[in-house]
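Chemist: Structure of the sequence below:
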Amino acid sequence: MKFVCPSCGRTNVVPDVWNGNCFVCRKCETQVTAPSLPDARARPWLTSPGWLAVVGLAVVAVAGCIGFTLLSLSIAPSADLPFVDDVGPHGPQLALPGGTLLITWEPGIRSAGGTYRIVRQDIRFVLSAGRAVTPVVRANPQPWPADILDSTQGAAAEPVTIRLEITLPDQADLEGLHGTLHAAVTIEYPVQPEPTEPAELARAQPSRSWNVTIATAEQARRFADVAGTRHAALIAAIVCGVLAAATIVAAAATAEKTITVICPECGRATDATYVHSRGAIRVTPCPHRRG
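Modeler: The predicted model follows:
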């Protein structure tokens, strides 16, 4: 233990077992009595009620985050919904009157840097009864740099990826009908015959077809309910995760900890508790008991 001599102010260090005994100060040789250690030590900080309440909230928040995450992953639409498959990384999609299908496919063509432009496109949706519907199409080509045809050090050959946004007509009589979506495009792209030669332009006409069933209003409602529930569960998981992180920080800030201090008024070494509050450290006052 450490304590201050009341006569000269020297800090003396003695073993804890000397508490309450008399000895001579090493500086002024005044007889002093070592302070007595408190009979009851301070309560461990991890048992303080405020800290336990915050940690309990953090545990609940973490459990909620895990639970809502598992719930969002387990929610899946019914298998009988008419999804359009094999449309690229966007995954299965539901075709709706007035809805948009995101189509991505690689026709097996390689160009310099994977760049290309669309010269012509023919997108048609042919119903099983022979009726043809013309959707609204938005293409997303990847144009090449202006100097690629003049440079002898062009970009490496990469696969061409065709990206289309196909919006079906907003007609209620299309609900429940089956058909085939045909996509044919004429593309122009740069290729480099030899590593030391400039790039040349080439053309290709890739095409692709998908079997499509237009979903009914009831099927669209069921899908929207499932998507809404999954979205709500995901938001709840994010909120619980943020709350868990905030409570963990709060637990560290509000924890009641124990520290041994020398009282500047009586010179007594005592165990005190402290917490962080409003940017400052709050230490419990010394009881000023002498041995």
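
Chemist: Off-centre distance for stretch 83-94?
Modeler: 25 Å (CA atoms, centre = their mean, to the nearest Å).

Chemist: meant to ask about stretch 201-215, not that
Modeler: On CA atoms, centre = their mean, the centre of stretch 201-215 falls 35 Å from that of its chain.

Chemist: Start and end of that stretch, how far apart?
Modeler: Taking CA to CA, to the nearest Å, stretch 201-215 runs 42 Å from one end to the other.

Chemist: in that stretch, what's buried?
Modeler: Residues of stretch 201-215 classed as buried: 204, 206, 208, 210, 212-215 (neighbour count, 16 or more other CB atoms under 10 Å). Just so you know, the C-beta spots here come from the backbone N, C-alpha and C atoms, and that holds for glycine as well.

Chemist: want to throw those residues into CSV with pLDDT, secondary structure and distance to Ala132?
Modeler: As requested, the buried residues of stretch 201-215 are exported to CSV (pLDDT from 0 to 100; DSSP: H, G, I helix; E, B strand; the rest coil; distance: CB to CB, whole Å):
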residue, pLDDT, secondary structure, distance to Ala132
Ala204, 93, strand, 25
Pro206, 93, coil, 21
Arg208, 92, strand, 17
Trp210, 91, strand, 15
Val212, 91, strand, 13
Thr213, 90, strand, 17
Ile214, 91, coil, 14
Ala215, 90, coil, 20
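
Chemist: Could you take these and lay them out as JSON lines, with extra columns for distance to Leu174?
Modeler: Formatted as JSON lines, the buried residues of stretch 201-215 follow (distance: CB to CB, whole Å):
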{"residue": "Ala204", "distance to Leu174": "32"}
{"residue": "Pro206", "distance to Leu174": "27"}
{"residue": "Arg208", "distance to Leu174": "21"}
{"residue": "Trp210", "distance to Leu174": "16"}
{"residue": "Val212", "distance to Leu174": "10"}
{"residue": "Thr213", "distance to Leu174": "10"}
{"residue": "Ile214", "distance to Leu174": "5"}
{"residue": "Ala215", "distance to Leu174": "10"}
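
Chemist: just the residues you listed now: which is nearest Leu71?
Modeler: Proximity of these to Leu71 (CB to CB) peaks at Ala215, which lies at 24.9 Å.

Chemist: pretty sure the closest one contacts Leu96?
Modeler: Yes. Here Ala215 reaches Leu96: they are 5.5 Å apart, a contact under CB atoms under 8 Å.

Chemist: all helices of the stretch 101-250 of the chain, in order?
Modeler: Ranges of helices within the stretch 101-250 of the chain are 217-254, based on DSSP state H, counting those that start in this stretch.

Chemist: Any stretches of it with poor pLDDT?
Modeler: Flagging of the stretch 101-250 of the chain using pLDDT under 70 yields the residue ranges 152, 154.

Chemist: Show me the strands in it, by range?
Modeler: For the stretch 101-250 of the chain, the strands defined by DSSP state E, counting those that start in this stretch cover 110-112, 117-127, 132-133, 136-139, 157-159, 162-167, 178-191, 200-204, 207-213.

Chemist: Mean neighbour count, those: which tops it?
Modeler: Greatest average neighbour count among these goes to strand 110-112 (a mean of 20), per mean count of other CB atoms under 10 Å.
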